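Peer 1: Everything below, folded, please.
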Amino acid sequence: MPVEVILPKVDMDMATGRISRWFVGEGAVVKKGDLLFEIETDKAAMEIDAPATGTIRNISGKEGIDIPVGEAVAWIYSEGEVSKPANEPAAKPAKAAAIAVEPAAAETVTAKPVAAAPSINAPSNGTRATPLARRLAAEAGLALDAIAGSGPRGRVMRKDVEAAIPAEAPATAKPAPIVSRSPASSQPRPAPQRAAGAAPLNFAWLRQGEGRPIVLIHGFGADLNSWRPMLAAGPVDAPLLALDLPGHGGSPRQTPIDLDAIAADVEATLAALDVGPALLVGHSFGGAVSATVAARGHADVRALALIAPAGLGPEINGAFLQGFVRAKSEASLMPWLRQLVADEQVLSKPFVNATLAQAADAELRTAQGEIADRFFADGTQTFDIRGLIAALRVPVRVIVGANDRIIPASQSLGLPGEVALHVFPATGHMPQVERREQVLKILLEMARA
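Peer 2: Okay, the predicted model is just below:
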């Protein structure tokens with residue numbers, strides 16, 4: 001009997017969803033686990049896999065319209081099965097097969113206008129790949145199905161495509177070196193040379209809009225998609241750009257030498273995207289990075305928002321860092337995720353699934369373990385951003401949860417008087433999730449000021 005392909009529920013509050021694009025077309029032959037379509041909600045973008053092997057028929061789920069959760073959007077017929085006419089519903093199977101849902105990789109959106117998607121009949125459509133990898137392959141004239149994927153379940157990643165691009169491709173001009181100084185040294189350190197216009201960090205425009213852009217930098221162990229729950233709190237009219245830190249998401253799996261090195265990558269990415277005056281927002285470790293970027297003065301930062309920032313004191317939950325990096329299953333991961341929040345009800349299934357997908361990436365977790373060892377050696381924050389904040393001449397707001405079990409909220413006390421401090425009661429290390437409406441309101445106010 002044919003297998004029903006339904007629009008899955010990927011969030012607890014989800015009643016409808018929109019298919020942003022199909023990767024296959026009517027009559028396409030797919031194997032179980034091949035990509036079928038991408039679904040987008042206010043909280044996340046998810047890639048939906050084929051629940052069975054066969055031929056796609058009767059595609060009824062149109063792109064860009066609201067579709068009720070659980071509604072059939074297509075059917076998969078096995079070899080030899082006769083499909084019903086498109087206007088005649090197929091016989092519903094006794095039990096629909098489960099659809100595997102994985103979070104979209106962080107390499108989902110680029111700042112440049114995205115080229116038209118490849119034809120849905122292209123032979124590489126069934127290959128598992130991140131959207132950015134698909135675009136890069138199309139631009140380079142490479143067939144995805146000829147590239148070996150290094151991601152989870154053989155997914156083709158950006159680095160796989162870049163490695164497959166012929167080395168003899170013409171080199172682009174090199175930009176002038178960016179010079180940075182380490183707080184511990186007065187000697188300038190040239191930043192690595194990069195191709196002109198290249199963005200060293202993975203990024204995504206989570207929202208388009210008018211006015212001053214808001215640049216979001218996530219914390220340790222997360223990625224740019226961790227900001228999506230906050231965006232479900234209300235309409236956002238400002239452009240929102242999210243970055244992946246080194247060793248996180250779709251960015252290079254490297255261990256930066258210090259905060260200056262990470263800041264230089266952030267600056268180069270903003271320059272490549274031609275981001276002008278911006279509000280810079282950082283969470284946890286990303287807060288320390290954001291403060292460093294603002295203090296260096298290379299990027300045009302007009303205001304700074306730090307959410308549960310690291311770098312204001314030596315204490316940190318070292319057991320959390322070690323346990324989080326080691327966890328490989330939901331049973332071993334959940335106790336650590338509960339440490340992040342005061343109300344574990346906010347830990348939605350998509351959030352847990354996304355974190356589990358990262359845990360399955362051994363290369364990613366190895367890089368993050370090295371980052372933890374370097375910046376949080378022996379369960380200690382080995383860097384201090386208090387002096388950087390005190391020297392800033394732009395508006396700064398610090399947002400913390402009173403019940404933070406990762407970084408004590410008390411570390412945010414004693415900042416300069418002109419720094420606004422927002423302390424939310426009954427809130428843990430992720431105010432942008434537990435108090436998303438209030439935090440989003442603060443950020444939009446700062447962007448408009």
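Peer 1: Can you show me the helices along the stretch 151-300 of the chain?
Peer 2: 158-164, 228-231, 259-272, 285-296 (DSSP state H, counting those that start in this stretch).
Peer 1: Show me the one of these that comes nearest residue 251.
Peer 2: With Cβ to Cβ, the closest approach to residue 251 among the helices of the stretch 151-300 of the chain belongs to helix 259-272: 8.0 Å. No exception for glycine: its C-beta is placed from N, CA and C like everyone else's.
Peer 1: helices or strands up against that closest one?
Peer 2: Packing partners of helix 259-272 (3 or more Cβ pairs under 8 Å, 6 or more residues apart in numbering; DSSP states H and E): strand 179-181, helix 285-296.
Peer 1: partner strands of the helix or strand following the longest one, parallel or antiparallel?
Peer 2: Going back to what we said before, that points to helix 285-296. Scanning forward in sequence from helix 285-296 by DSSP states H and E, the next helix or strand is strand 301-307. Each strand paired with strand 301-307, and its direction, by DSSP bridges: strand 278-283 (parallel), strand 396-401 (parallel).
Peer 1: average model confidence for the first one?
Peer 2: Averaged over strand 278-283, pLDDT sits at 98.
Peer 1: what do you get for the last one?
Peer 2: For strand 396-401, the mean pLDDT works out to 98.
Peer 1: What residue spans form the domains of the chain?
Peer 2: 1-103, 105-166, 199-448 (automatic domain parsing).
Peer 1: looking at those, which one has the lowest mean pLDDT?
Peer 2: domain 105-166 (a mean of 59).
Peer 1: on that earlier part again, and among the domains of the chain, the most buried is which?
Peer 2: Greatest average neighbour count among the domains of the chain goes to domain 199-448 (a mean of 20), per mean count of other Cβ atoms under 10 Å.
Peer 1: coming back round to it: and of the helices and strands packed on helix 259-272, who's closest to residue 222?
Peer 2: helix 285-296 (8.1 Å).
Peer 1: Measure how far that closest one is from the centre of its chain, please.
Peer 2: 19 Å (Cα atoms, centre = their mean, to the nearest Å).
Peer 1: now it against helix 259-272, angle please.
Peer 2: 80 degrees (axes from the mean of the first three to the mean of the last three Cα atoms, to 10 degrees).
Peer 1: Apart from its neighbours in sequence, what residue is nearest residue 291?
Peer 2: Spatial nearest neighbour of residue 291, excluding adjacent residues (Cβ to Cβ, 6 or more residues apart in numbering): residue 385 at 4.3 Å.
Peer 1: does residue 351 sit in a helix or strand, and which one?
Peer 2: Per DSSP H and E: helix 349-359 holds residue 351.
Peer 1: Run the chain-centre distance for that helix.
Peer 2: With Cα atoms, centre = their mean, you get 12 Å for helix 349-359.
Peer 1: so residue 390 touches residue 417, yeah?
Peer 2: No: in this structure, residue 390 is not within contact of residue 417 by Cβ atoms under 8 Å, at 10.5 Å.
Peer 1: can you pull the contacts of residue 389?
Peer 2: Neighbouring residues of residue 389 by Cβ atoms under 8 Å, 6 or more residues apart in numbering: 291, 295, 306, 396, 415-416, 419.
Peer 1: do residue 284 as well
Peer 2: 218-220, 307-310, 406-407, 429.
Peer 1: Out of these, the closest to residue 369 would be?
Peer 2: Using Cβ to Cβ, these come closest to residue 369 at residue 220, 10.8 Å.
Peer 1: who's in contact with the closest residue in space to that closest one that isn't next to it in sequence?
Peer 2: Spatial nearest neighbour of residue 220, excluding adjacent residues (Cβ to Cβ, 6+ apart): residue 285 at 4.1 Å. By Cβ under 8 Å, 6+ apart, the contact set of residue 285 is 219-220, 245, 310, 375.
Peer 1: Residue 145 versus residue 285, what's the distance?
Peer 2: Using Cβ to Cβ, to the nearest Å, residue 285 is found at 38 Å from residue 145.
Peer 1: coming back round to it: put together JSON lines for the contacts of residue 285, with distance to residue 40 on each row.
Peer 2: As requested, the contacts of residue 285 are exported to JSON lines (distance: Cβ to Cβ, whole Å):
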{"residue": "219", "distance to residue 40": "24"}
{"residue": "220", "distance to residue 40": "27"}
{"residue": "245", "distance to residue 40": "24"}
{"residue": "310", "distance to residue 40": "31"}
{"residue": "375", "distance to residue 40": "34"}
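Peer 1: Sort out for me which of those are in strands.
Peer 2: For the contacts of residue 285, not one is inside strands, with DSSP state E as the criterion.
Peer 1: for the residues you listed, which one is nearest residue 359?
Peer 2: The closest of those, once distances to residue 359 are taken by Cβ to Cβ, is residue 220, at 14.0 Å.
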